[in-house]
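J.: here's a sequence, model it:
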Amino acid sequence: MEFKIKIPSIHMTQKSFLSLFISFCMVFALVSSIWVKPVHAKTVRIAVVSSIFGDVTVKKGGGSKTYEAYEDMSLNEGDTIYTGDSSGATLTLSEGDGEVTVGANAEMSVSDLSSSDSGKKSKLKIWAGSLWVKVKSLASSDDEFEVETPTAVMGVRGTEFYVGVDPLKGKTTMFVAAGKVSATTVTNDENNQQFKKVAYLYPTQQINLDSRDEVSDPNLKVEFVNINDIVDQASANVIEAMIKNKAEIDKENDEFLKKNKELLEQGKVNQTDGSFIIRSMDELDKVSRNFDNLIGNIAKQAVATKKIEQATMNNIIDEANKKIEKQERKLDLGNVKKLDKTAGTDPEKEKAKLEALKKEAAKKLLEKAATAKKREEVIKQLEKFIEQVAKTNSSNTEANSQAQADQAEQAEVVFKSNNPPEIVEQYEEAKNNSAPTTPSTPSTSGSNNSGSNNGGNNGSTDTTSPSVTLEKMADPDHPSNPSYFNLNVNMSNFTGNQSIYAVELHLMYYSGSADASGIYVTDSTPVANHPNGKIFDDSSSAESIKEYEEYDQTSNLYKKELIYAVTNFGTSSDNISVSGTKTLVSIPFRAINYDDNNDIPAQIEVGYIKVIKKDGTVSYANLQVAPLTMTIGHGSNYKFSE
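T.: From the prediction side, this is the model:
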């Protein structure tokens, strides 16, 4: 388009100049409308409640009231959905961009659902409960799909993954079934500057994060998926969603395997931005078998733990198999292979990661001790202040007493001078008779006290030696499942010079083979199972508990080490004398046997224990402790005996 502007002679009237000015403005506005790129309009998208069961409510953004949810209900930015016990819902994002299955006892918010010419944004926040998220491949590089938890932000470009959040501790667990997910943590340094750290996860990998600053690098927390943990945490409807999506999961994983196979045939290795690696065709086969059996292991574990009844699971599997074309890919719980935890991993990197995690745990323990020490210093300063105030009050009291005494003495002089001698004599006699007498000191001699000291057992000789024992207790949270148990570490007769201020304990145990069978810690937090009473007071002590795992190719075992440390702090804290037996800590465990035909032996032993007094000296080290041995029975009941 061509614009022609005719400029009149410079000799013009005021009226003609005004007309020319208006003409210029109109033309410039027209040209500007072509040159300037229009502002992108933001379009608000919605999520629709596509299915629902049980107690499900919704709170609209900015509101304070909750309403009962219903099918086809629309959720907008700022809305929050809540699910009760044995309840759940499925949300479908507009334009079919994703599907989210919400488990029981969940709280999830829709923080952003919008689109513009620059791309789509889908952001969810989960504060409690479990989710299964299925996201179709994002069309634009500017598209965003995120799930935020109290400890991390999960970013995806098209995948299927699980997210679970413990409502009490804020601990996040995420595992990937297909595709790729980034887990980003944001922390602040001492100067309040923000730092972002990213870990990338691939199929059969999971991450557990207790807090945003739990480790300096979230890649240290990426590990092979723990089927037991996922099934324990996830609601039944979330597990059902995993199983029903097996066809889509297989399809996406086949693309991943195809890409890696092509690279291997070219003599290359796919250097992913995470810890997942396939270096040979043999390893590719192992990874492929894991992918094929991932959902089958989840389904089998759900039945074994009675999370889903067998009859219900059969119906779920039948529905899932209808979408699977190849017969050999269909789900069959009688033909599920165990997962190989070594597939897709670099042993050297895993070993280095283990060492780094141990260093991180030691650093955190030191930081906790430093915080306790700082708190102790503050308490000392406060006690000094209180002592100074008490001295000041005491001085004031003494001064007042002296003043009162002086006044009494002066009054006595006046009384004596104003009364006759006989009255003064009677006064002196009465004064002397009313004076308090000093009580006689009781005799400390006598044959009854011979050979002993007063004041308790301080002078007695205790011939009973200190000892540590391991005790298997029933888990009250899983009364119908005997595979769960609490391990109580009990300490007896640590008195006198063997009293306790801090303890460092190392427990050693193993998996029965290179599959999921063996002994596992079910939670990183000690439990309140102390029938004999607990040694340390929670309000005046600091404790740390971490589990580490290392694969031993020679024995084909996963060697595990749990390190528990606890110490008193504060000026009022002192060495603890343990007469009789008390519990140091109670740790939740689970014994699992995936072998349907054979029992497997299992054992928990104390690899090392050190008992320290307040002055820093070692009370006891390398105590001999009898191990806790058991046999984990085969079959779905997981019965075991000591």
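J.: quick one, what contacts residue 305?
T.: Neighbour list for residue 305: 231, 232, 481 [criterion: Cβ atoms under 8 Å, 6 or more residues apart in numbering]. In this view, the C-beta of every residue, glycine as well, is placed from N, C-alpha and C.
J.: so which of the residues you listed sit within helices?
T.: For those, membership in helices holds for 231, 232, with DSSP state H as the criterion.
J.: ok, residue 610 to residue 535 distance?
T.: 15 Å (Cβ to Cβ, to the nearest Å).
J.: quick revisit: which of the contacts of residue 305 has the largest number of neighbours?
T.: Using other Cβ atoms under 10 Å as the neighbour criterion, residue 231 leads these with 23 neighbours.
J.: surely residue 595 is within a strand?
T.: No: under the criterion used here (DSSP: H, G, I helix; E, B strand; the rest coil), residue 595 is coil, not part of a strand.
J.: just give me the neighbour total for the residue nearest to it when sequence neighbours are not counted.
T.: The shortest distance from residue 595 to any non-neighbouring residue, by Cβ to Cβ, 6 or more residues apart in numbering, is to residue 634 (5.3 Å). Other residues near residue 634 come to 17 when the count uses other Cβ under 10 Å.
J.: start at 23, not 1
T.: All set: I'll call the first residue 23, so the last point we hit is now residue 656.
J.: surely residue 656 is in contact with residue 613?
T.: No: taking contacts as Cβ atoms under 8 Å, residue 656 lies outside contact range of residue 613: 11.8 Å.
J.: tell me where the stretch 423-572 of the chain has strands.
T.: 489-496, 506-516, 524-532, 540-543, 563-574 (DSSP state E, counting those that start in this stretch).
J.: likewise the stretch 173-322 of the chain?
T.: Along the stretch 173-322 of the chain, counting by DSSP E, counting those that start in this stretch, strands occupy 175-178, 181-187, 194-200, 203-210, 216-223, 227-231, 244-246.
J.: neighbouring strands - and their directions - for the second one?
T.: Sheet pairing for strand 181-187, assigned by DSSP bridges, gives strand 141-157 (antiparallel), strand 194-200 (antiparallel).
J.: dump the C-alpha coordinates for that strand into PDB.
T.: C-alpha atoms of strand 181-187 as PDB (Å, rounded to 0.1, in the frame of the first residue of the first chain):
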ATOM      1  CA  THR A 181       4.700 -37.500  29.900                       C
ATOM      2  CA  GLU A 182       2.900 -39.600  32.500                       C
ATOM      3  CA  PHE A 183       4.100 -39.300  36.100                       C
ATOM      4  CA  TYR A 184       3.000 -39.600  39.700                       C
ATOM      5  CA  VAL A 185       3.200 -37.000  42.500                       C
ATOM      6  CA  GLY A 186       2.500 -37.500  46.200                       C
ATOM      7  CA  VAL A 187       2.800 -35.000  49.100                       C
END
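J.: now do that strand against strand 203-210: the angle between them, please.
T.: Computed with axes from the mean of the first three to the mean of the last three Cα atoms, to 10 degrees, the direction of strand 181-187 lies at 40 degrees from that of strand 203-210.
J.: how big is the angle separating strand 181-187 from strand 216-223?
T.: Between strand 181-187 and strand 216-223, the angle formed by their directions is 120 degrees, by the same axes, to 10 degrees.
J.: chain center to strand 181-187: distance?
T.: If you compare the mean C-alpha spot of strand 181-187 with that of the full chain, they lie 16 Å apart, counting by Cα atoms, centre = their mean, to the nearest Å.
J.: same check, this time on the first one
T.: Averaging C-alpha positions (Cα atoms, centre = their mean) puts strand 175-178 18 Å from its chain's average.
J.: which strands and helices lie in contact with that strand?
T.: Using 3 or more Cβ pairs under 8 Å, 6 or more residues apart in numbering; DSSP states H and E as the contact criterion, the elements in contact with strand 175-178 are strand 166-170, strand 203-210.
J.: okay, the ones you listed in TSV with distance to residue 297, mean neighbour count and mean pLDDT next?
T.: Shown next, in TSV, are the helices and strands packed on strand 175-178 (distance: least, Cβ to Cβ, whole Å; neighbours: other Cβ atoms under 10 Å; pLDDT from 0 to 100):
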stretch	distance to residue 297	mean neighbour count	mean pLDDT
strand 166-170	21	20	88
strand 203-210	12	19	84
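J.: partner strands of the strand or helix carrying residue 632, parallel or antiparallel?
T.: Take DSSP states H and E as the rule and residue 632 turns out to sit in strand 622-634. Partner strands for strand 622-634, per DSSP bridges, with pairing direction: strand 524-532 (antiparallel), strand 640-643 (antiparallel), strand 650-654 (antiparallel).
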